[in-house]
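Asks: Need a 3D model of the sequence below.
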Amino acid sequence: MKPSEVRELSIDELVAKGNELRGELFNTRVKKSTGQLENNAKLGTLRKDIARVETQLSEKRGATT
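Replies: Below is the predicted model of the structure:
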């Protein structure tokens, strides 16, 4: 997910996207532990995407309060 895509999302969409990414990260970790994950780089990518969403969310919440 590109940073420009994250900036365009509203607060509600950011919360939903963060929850979706956390669920995907959990599933990916389970696959890794069972040996079914082929692309180990996906874990890092998901963590970075979650960080992007959380950063943008905190910036938008700070601007509105």
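Asks: which secondary element of the protein has the worst mean pLDDT?
Replies: Least confident helix or strand of the chain, by mean pLDDT, DSSP states H and E, is helix 3-7 with a mean of 90.
Asks: Need the pLDDT of the spatially most central residue of the chain.
Replies: Centroid-nearest residue in the chain: Ile50, 2.6 Å away (criterion: Cα atoms, centre = their mean). Ile50 carries a pLDDT value of 97.
Asks: and if you look at Met1?
Replies: 80.
Asks: now it: how far from Ser33?
Replies: Computed with Cβ to Cβ, to the nearest Å, the distance linking Met1 and Ser33 is 24 Å. C-beta here means a position set from N, CA and C on the backbone, and glycine is covered the same way.
Asks: And these two? Which one has more around it.
Replies: Met1 (15 against 9; other Cβ atoms under 10 Å).
Asks: List the contacts of the more buried one.
Replies: 49, 52-53 (Cβ atoms under 8 Å, 6 or more residues apart in numbering).
Asks: by contact count, what packs against the least confident helix or strand of the chain?
Replies: helix 41-64 (3 or more Cβ pairs under 8 Å, 6 or more residues apart in numbering; DSSP states H and E).
Asks: Pull out the CA atoms of the helix it packs on and give them to me as CSV.
Replies: Below are the C-alpha coordinates for helix 41-64, written out as CSV (Å, rounded to 0.1, in the frame of the first residue of the first chain):
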residue,chain,number,x,y,z
ALA,A,41,9.0,-10.6,3.1
LYS,A,42,5.2,-10.3,3.4
LEU,A,43,5.5,-10.0,7.2
GLY,A,44,7.7,-6.9,7.0
THR,A,45,5.5,-5.4,4.3
LEU,A,46,2.4,-5.9,6.5
ARG,A,47,4.0,-4.4,9.5
LYS,A,48,5.1,-1.3,7.6
ASP,A,49,1.6,-0.9,6.1
ILE,A,50,0.1,-1.1,9.6
ALA,A,51,2.6,1.6,10.8
ARG,A,52,1.6,3.8,7.8
VAL,A,53,-2.1,3.5,8.7
GLU,A,54,-1.5,4.2,12.4
THR,A,55,0.7,7.2,11.7
GLN,A,56,-1.9,8.7,9.3
LEU,A,57,-4.6,7.9,11.8
SER,A,58,-2.9,9.7,14.6
GLU,A,59,-2.1,12.7,12.4
LYS,A,60,-5.8,13.0,11.3
ARG,A,61,-7.1,12.6,14.8
GLY,A,62,-4.6,15.2,16.1
ALA,A,63,-5.8,17.7,13.4
THR,A,64,-9.5,17.3,14.3
